[in-house]
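Engineer: Return atomic coordinates for the entry below.
(chains A and B)
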There are 2 protein chains.
Amino acid sequence: MAAETWETAARKCRDILKKSVPAQYLMEESKLPSLSTLNVTTFPKESGMLSKKELEITKMSATTLAEKMGVDQFTAEEVVVAFLKRAVLGHQLLNFATEFMAEEAIARAKELDEYKKKTGKLIGPLHGVPISVKEHIGLKGRICNTGYVAWTSNIPKEDAYLVQLLKNAGAVFHVRTNQPQSLMHLDCTNNITGTTVNPYNRNLSPGGSSGGEGASTGFKCAALGIGTDIGGSIRAPAAFNGSYGFRPTAMRNPYKGIILAGDGRESIRCVVGPLASTCVEDLDLFMKTVIDQEPWDVETSLVAMPWRKVEQKKEFTVAIMWDDGIVKPHPPITRGLAYAKEKLEAAGVKVVDWEPYKHDHGWDIVSALYFPDTAACQKEILASVSEPILPLTQHAFNYSRPSPLTIVENWDLNVQRENYRAEYHALMKSRGVDFILSPTYLGVAAELGTPQYWNYTAIWNILDQPCVIFPTGLYQDPKVDVKVDYQPRGDVDAREWARYEPEKFDGAPIALQLTGKHWKDEETLAAGKIVAEIIKG
Amino acid sequence: MAAETWETAARKCRDILKKSVPAQYLMEESKLPSLSTLNVTTFPKESGMLSKKELEITKMSATTLAEKMGVDQFTAEEVVVAFLKRAVLGHQLLNFATEFMAEEAIARAKELDEYKKKTGKLIGPLHGVPISVKEHIGLKGRICNTGYVAWTSNIPKEDAYLVQLLKNAGAVFHVRTNQPQSLMHLDCTNNITGTTVNPYNRNLSPGGSSGGEGASTGFKCAALGIGTDIGGSIRAPAAFNGSYGFRPTAMRNPYKGIILAGDGRESIRCVVGPLASTCVEDLDLFMKTVIDQEPWDVETSLVAMPWRKVEQKKEFTVAIMWDDGIVKPHPPITRGLAYAKEKLEAAGVKVVDWEPYKHDHGWDIVSALYFPDTAACQKEILASVSEPILPLTQHAFNYSRPSPLTIVENWDLNVQRENYRAEYHALMKSRGVDFILSPTYLGVAAELGTPQYWNYTAIWNILDQPCVIFPTGLYQDPKVDVKVDYQPRGDVDAREWARYEPEKFDGAPIALQLTGKHWKDEETLAAGKIVAEIIKG
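Structural biologist: A predicted model of the protein is given here:
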């Protein structure tokens, strides 16, 4: 590919996207809300594009949808059409899709309906459930560019293994979603598909790197979504868009066929996990459905741990981390935590405070492990077609040390990481804490192009602890979440506090992150369900 | 430490060893068999040092010993004294110990007897069971040199976590055992303790790197032993000495407090596991006892997989790998496999042949991962005190590529490793094979200083599959295992076949290796028990 043609290659993908949008569901441009309408979450209802039944369908959980299809209240075709309509609308408003797969999805839904009719049974626990999927999760015969122009000719020969398992269970894939260049932004812009925005405030970021999934589930274009996370990439999008997300412990969900630069990197592992539009229960359904198929019997790098049935009672201790000691959260997040504390205590949950333990040390380890080769892999891909490096890509690349780590330096970081994990775990035990409730990000959804501080999420990547994200039901309110006098503790803190102008974040969901212990994925989701319901309910 | 004093430092450790030998159990030098007596396994009986009861005790399994102590047939003190006597004799004949801990062991045994008397109960499943332990498994307050002269001042502040767990269960540690320089020989010589030899033929190697453990369990100086294995270091010693050994899947047994160069290396993991003097059942007892204590709740790098109770029936398929396609096994090993096949078929076990799959490729991966830093870590330790590099150390260092691997080259090897694991696993499934029965080494116990071919064991390290080693009950016989006409396939094959002079290996045990699937540790031991009993019984 000649240097001058990167724009041509990018356009090729945009054309594929454009052609893939099912024209019959497109809204006339003139009838769309103007760009000055920031919060578009109510537009599906106002648009008239979706019937009452379709609106109802798109508000339902995957769990409920499968139940209703089980009793023939809806057909799979009705369900997928409803979500497709909403997804097209969402894409027109948010630019979150990279490709629609409407024909294939409808054809599959019809097959499922046929199956149900013939056998009287659902094909599996995700029968007819529409799932959106981040672009770099490979699909057979479809370009997988991972946000790099240089990769716009890469076509996987088969579906990612996770997708295969979800399809086995009846899932229907109707739309692929956007991600940032290099996958290493908590934002969602690349040189191919452009910028995805937030449905609650289109001046704000949908988060990243699974930003398209955040927008998709936040706008209810899919009941479930699939994201990946090495520093917060499932969780920031879930939080920014008021949806639900789960970062499992590494080596539980199958990863084969997910395409990114730096394959074979194991010191810090990218994990794949679900986002959901309406509830924690669906995150659990996703995990159970995948792991019940014993993926370790094919993908041998996974641990052979069955998905355990957990009866989580309310008798657990939640510790609130108000501040990580590096960047103090903005007012709406602190308000969200205070609200959560009040609700949890009222419900009889034991709540204590969490004193963070060496989060700066954790960041030193994880940030050194992101690009131990000084991002040479990524830079080479970009340079191969002279694709311009975006500012947040450069920001992330700058995490790396000036020269490549040696193998022995990498080993030393592995040792530091293991020690840190063991110490953090021991501390949770000695403090009698089962779960840590914390911010997902220092603020609500960041302004586009600005999210630079990762450590409210990345800390749990280096610690490899499972986290569930859920909305509080509160939203940023410039009248309530006013500026406060605060003396920043350092440059990063100062940078982030300078950005807090209450008016800019109007209407952004206030979400929280509940973190469990290493391997306690099942307990974390079970407690997350309880905690989310108490707080939002 | 000045360069000229490495011999002084080494002598310090030898002095500690010498002083630690309980003098009351020492046999007069003149009464020991002469050096020309190669097989000394019958000497404990002939020596008169052990009473009939003591001889009986030392032939028992850990499982039986605990049972007998449970019904007060023996006291823990009697048991540990019996094994101490045998261990001292063994050390005089084989030079396998690095330090005796007689006082501490007897004191602990008395405590256990007291406990039993008071409560009527055993303290745990290993109550009073004497266990020998490889030197580099750290013990509180005792020098841990890992076979390096430079480390003869290294004194751990606490016991390795595995040792703590075994002590919790009642185990008594009475003797520490020898290992080769760098831990990377399938032999057992270092510049501190010298050379350990094989009880079945003192001209032969006890294997390595857990060679001291091999001799210890082979001579029945302990009911159980603890070794470590990154290329065959538990298995070669178990096989060479006619004892039992188990290499578990990585990340199951706790590793904290085991001291070796290159900490933090994860692309190929050193694992720790048991050797046993009399049966597979004891290997299972060891594993169950450790994992039942949920070590992952302290050592967070372990997987949270409980030890599963497995009812293994005889309805499994064993595939025999007669030859790895690189070095054809020597006649006694082929005889052992043929004997096993006959016995297994007679017992109704389904036996097929195993065509090896790319073992050369597996070796290319694993050998590159042993010293990705060109063994700079190890060389630096050796050079720091001008300790001479032994030939087998140099042989192992030569596995490394000429220059250090970059991080990206290491990643590429990780990818190759994962692909190879998945392919091998898929092949076992598609061929309907549950277990692979194979040589542990190309021959029976090698001549001292010669074991250079690792790939009958190392292949399962790169594949991370669990393996159990057991004796067939057969021994090399120069009259039976005569030289055969054979045209070697390459240099390594030729080197190894040139070494086969039947007379040299007289009396060496013929042992085999049974390998299960990744994570199927429980099934592998359960099947190993059945297979070993059929073959030896």
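Engineer: For chain B, what's its nearest residue on the stretch 301-450 of chain A.
Structural biologist: Using CB to the nearest CB, A:Trp411 is the residue of the stretch 301-450 of chain A that sits closest to chain B, at 3.1 Å. To be clear about C-beta, it is placed using only N, CA and C from the backbone, and glycine gets the same treatment.
Engineer: Actually, the stretch 151-300 of chain A.
Structural biologist: Counting by CB to the nearest CB, the stretch 151-300 of chain A gets nearest to chain B through A:Gly264 (3.1 Å).
Engineer: so which helix or strand takes in that residue?
Structural biologist: Here A:Gly264 sits in a region with no helix or strand, counting by DSSP states H and E.
Engineer: next one: A:Gly227
Structural biologist: strand A:224-229.
Engineer: Which elements pack onto that strand?
Structural biologist: strand A:130-134, helix A:161-168, helix A:211-218, helix A:235-240, strand A:271-276 (3 or more CB pairs under 8 Å, 6 or more residues apart in numbering or on different chains; DSSP states H and E).
Engineer: The third one vs strand A:130-134, what angle?
Structural biologist: Here helix A:211-218 runs at an angle of 160 degrees relative to strand A:130-134 (axes from the mean of the first three to the mean of the last three CA atoms, to 10 degrees).
Engineer: picking that back up, ok, now which ones touch the residue of the stretch 301-450 of chain A closest to chain B?
Structural biologist: B:Gly262, B:Asp263, B:Gly264, B:Arg265, B:Glu266 (CB atoms under 8 Å, 6 or more residues apart in numbering or on different chains).
Engineer: For the nearest residue to the last one once chain neighbours are set aside, list the residues it contacts.
Structural biologist: Counting by CB to CB, 6 or more residues apart in numbering or on different chains, the nearest residue to B:Glu266 once its immediate chain neighbours are dropped is A:Asn414, at 5.7 Å. With CB under 8 Å, 6+ apart as the criterion, the residues that contact A:Asn414 are A:Ser267, B:Gly264, B:Arg265, B:Glu266.
Engineer: related to what we said a few turns ago, how would you label the residue of the stretch 301-450 of chain A closest to chain B: helix, strand or coil?
Structural biologist: Assigned with DSSP: H, G, I helix; E, B strand; the rest coil, A:Trp411 falls in the helix class.
Engineer: which ones are touching A:Val129?
Structural biologist: With CB under 8 Å, 6+ apart, A:Val129 has these contacts: A:Ala62, A:Leu65, A:Ala66, A:Val79, A:Gly170, A:Ala171, A:Val172, A:Ala223, A:Leu224.
Engineer: Show me those residues that map onto strands.
Structural biologist: Among those, the members falling in strands (DSSP state E) are A:Val172, A:Leu224.
Engineer: Neighbour-wise, which one of the contacts of A:Val129 leads?
Structural biologist: Neighbour tally across the contacts of A:Val129 (other CB atoms under 10 Å in any protein chain shown): the maximum, 33 neighbours, falls on A:Ala223.
Engineer: so what's the closest residue to it other than its chain neighbours up against?
Structural biologist: Take A:Ala223 and drop its neighbours on the chain: the residue closest to it by CB to CB, 6+ apart is A:Ala62, 4.1 Å away. Contact partners of A:Ala62, counting by CB under 8 Å, 6+ apart, are A:Leu126, A:Val129, A:Ala223, A:Leu224, A:Ala276, A:Asp282, A:Leu285, A:Phe286.
Engineer: Wait, the third one touches A:His127, no?
Structural biologist: It refers to A:Ala223. No - contact criterion CB atoms under 8 Å: A:Ala223 and A:His127 do not qualify, at 11.9 Å.
Engineer: remind me, longest strand of chain A?
Structural biologist: Chain A, longest strand under DSSP E: strand A:467-475.
Engineer: Quick one: name the residues of the stretch 301-450 of chain A near chain B.
Structural biologist: Neighbours of chain B within the stretch 301-450 of chain A, by CB under 8 Å from any CB of the partner chain: A:301, A:303-305, A:372-373, A:376-377, A:404-408, A:410-415, A:418, A:421-422, A:425-426, A:429.
Engineer: what do you get for the stretch 151-300 of chain A?
Structural biologist: A:251, A:256, A:262-267, A:296-300.
Engineer: Give me the buried subset of those residues.
Structural biologist: By neighbour count, with 16 or more other CB atoms under 10 Å in any protein chain shown, those hold A:Met251, A:Lys256, A:Gly262, A:Asp263, A:Gly264, A:Arg265, A:Glu266, A:Ser267, A:Trp296, A:Val298, A:Glu299, A:Thr300 as buried.
Engineer: Is it correct that the first one is in contact with A:Arg269?
Structural biologist: Yes - the criterion here is CB under 8 Å, and A:Met251 meets it with A:Arg269 at 7.2 Å.
Engineer: and A:Ala236, how far is that from B:Leu50?
Structural biologist: Applying CB to CB, to the nearest Å, the value for A:Ala236 to B:Leu50 is 69 Å.
Engineer: what does A:Glu56 give?
Structural biologist: From A:Glu56 to B:Leu50 the distance is 83 Å (CB to CB).
Engineer: Those two: which has the busier surroundings?
Structural biologist: Each of A:Glu56 and B:Leu50 has its neighbours counted (other CB under 10 Å); B:Leu50 has more, 20 against 13.
Engineer: Need phi/psi at the more buried one.
Structural biologist: phi -110, psi 140 (degrees, to the nearest 10).
Engineer: Over to A:Tyr244?
Structural biologist: Residue torsions, per degrees, to the nearest 10, at A:Tyr244 are phi -110, psi 150.
Engineer: Next up, the contacts around it.
Structural biologist: A:217, A:238, A:275-280, A:282-283, A:468-471, A:532.
Engineer: Name the residues linked to the nearest residue in space to it that is not next to it in sequence by a beta bridge.
Structural biologist: Spatial nearest neighbour of A:Tyr244, excluding adjacent residues (CB to CB, 6+ apart): A:Ala276 at 4.2 Å. Under DSSP bridges, the beta-bridge partners of A:Ala276 are A:Leu224, A:Tyr244.
Engineer: who touches stretch A:474-487?
Structural biologist: Stretch A:474-487 is contacted by residues A:200, A:328, A:330-332, A:335-336, A:339, A:444, A:497, A:500-503, A:505-510 when judged by CB under 8 Å, 6+ apart.
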